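**Student:** Provide a 3D model corresponding to the input given below.
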Amino acid sequence: MFVVVEGVDGVGKSTVIDRLADFLPQDVDIAYTREPTDGPHGRLIRSGTVEDPDALVGLFTADRKHHVADVIAPALTECEITVCDRYFYSTAVYQHTPARPYSTIVAEQQERFPTPDLLILLDAPPEYTAARLGDSQEINDQSAADVVNARRKRYYAILAAHVAEGRYGVAIDASRPLEDVCKTVADAVWSAYCGYTARDRARTWLASAKMHEAPLKADPATYLQAAQAIGS
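**Tutor:** Residues are numbered from 1 along each chain as shown. Below is the predicted model:
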């Protein structure tokens, strides 16, 4: 099963993913990976020397081509669950332009790369993410908050479209205590796994561990309404 965790910068994706194994059964084979990778294209992206959105989409796509072929595809074959920190949804949210909107980028990427079975959106308000990033100037900066909120809205729209296609997806409030967030993410991963494969084994563990089955196929309108409420 392929799981992607998304969200704006500073929301805590990597922190939650690093703790996820503590909240899932120890006998499950789980692979963890991230984008951009540490390959040549990924390193160039991380260097910050390329700023043109279209050029960055090209770099992310090249990086993702190798990532899927060399890491994700083998992991999906060898492991029961593969978790990726960021994927092409981030490319769409951050590198979109008026001439190439985020929905177009998602559609282009879906034609080339596997779509995740479960999309988890970690969400939190701008003041929370700014504080986590240690950016005291942006905590009360309305223009910076508007940029973050615009990205949050795009993520919710992407999540709504993902669920509307019949796939698993959930938005989780990442501003809560870390233990609660990790537990909720683990509930979502294991609930999706129950519906994806090894149903009897998964549900037995779900009950014995007192995990909660997560609602992974909410009405897409719920996420569109959440997007509309941001910043209002």
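**Student:** C-alpha only now, for contacts and for neighbours.
**Tutor:** Will do.
**Student:** quick one: find the helix or strand in this structure with the lowest mean pLDDT.
**Tutor:** The weakest-scoring helix or strand in the chain, judged by mean pLDDT, DSSP states H and E, is helix 199-208 (a mean of 50).
**Student:** ok, which stretches of this structure are strands?
**Tutor:** Taking DSSP state E as the criterion, the chain carries its strands at 2-6, 30-34, 81-85, 118-123, 168-173.
**Student:** now the spatially closest residue to Ser175 that is not a sequence neighbour: phi and psi?
**Tutor:** Ranked by Cα to Cα, 6 or more residues apart in numbering and with sequence neighbours excluded, the top spatial neighbour of Ser175 is Ala124, at 5.4 Å. The phi/psi pair for Ala124 (degrees, to the nearest 10) reads phi -160, psi 150.
**Student:** one more: Ala174?
**Tutor:** Torsion angles, degrees, to the nearest 10, at Ala174: phi -90, psi 0.
**Student:** what about it, how many neighbours?
**Tutor:** 24 (other Cα atoms under 10 Å).
**Student:** ok, it touching Gly12?
**Tutor:** Yes - between Ala174 and Gly12 there is a contact under Cα atoms under 8 Å: 7.2 Å.
**Student:** joint contacts of these two?
**Tutor:** Between them, Ala174 and Gly12 share these contacting residues under Cα atoms under 8 Å, 6 or more residues apart in numbering: Leu122.
**Student:** list the contacts of stretch 55-74.
**Tutor:** With Cα under 8 Å, 6+ apart, stretch 55-74 has contacts from 33, 35-37, 39-42, 45, 50, 82, 91, 95, 109, 113.
**Student:** please check the residues you listed and keep the buried ones.
**Tutor:** Applying 16 or more other Cα atoms under 10 Å to the contacts of stretch 55-74, the neighbour count classes Thr33, Glu35, Pro36, Thr37, His41, Gly42, Ile45, Thr82, Thr91, Gln95, Gln109 as buried.
**Student:** closest to Phe2 out of these?
**Tutor:** Closest approach between those and Phe2, by Cα to Cα: Thr82, at 5.0 Å.
**Student:** this structure: helices as residue ranges?
**Tutor:** Counting by DSSP state H, the chain has helices at residues 13-20, 40-47, 53-67, 73-78, 88-95, 102-112, 126-132, 136-139, 142-164, 178-196, 199-208, 220-229.
**Student:** what packs against the fifth one?
**Tutor:** Under the contact criterion of 3 or more Cα pairs under 8 Å, 6 or more residues apart in numbering; DSSP states H and E, helix 88-95 touches helix 53-67, helix 102-112, helix 142-164.
**Student:** so can I have a markdown table of those helices showing mean pLDDT and distance to Met1?
**Tutor:** As requested, the helices and strands packed on helix 88-95 are arranged in a markdown table below (pLDDT from 0 to 100; distance: least, Cα to Cα, whole Å):
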| stretch | mean pLDDT | distance to Met1 |
| --- | --- | --- |
| helix 53-67 | 97 | 17 |
| helix 102-112 | 96 | 17 |
| helix 142-164 | 93 | 16 |
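**Student:** what average pLDDT does stretch 9-17 get?
**Tutor:** Mean pLDDT, computed over stretch 9-17, is 95.
**Student:** buried residues in it, which are they?
**Tutor:** Gly10, Val11, Gly12, Lys13, Ser14, Val16, Ile17.
**Student:** kindly report the same for stretch 164-173.
**Tutor:** In stretch 164-173, counting by 16+ other Cα under 10 Å, buried: Ala164, Arg167, Tyr168, Gly169, Val170, Ala171, Ile172.
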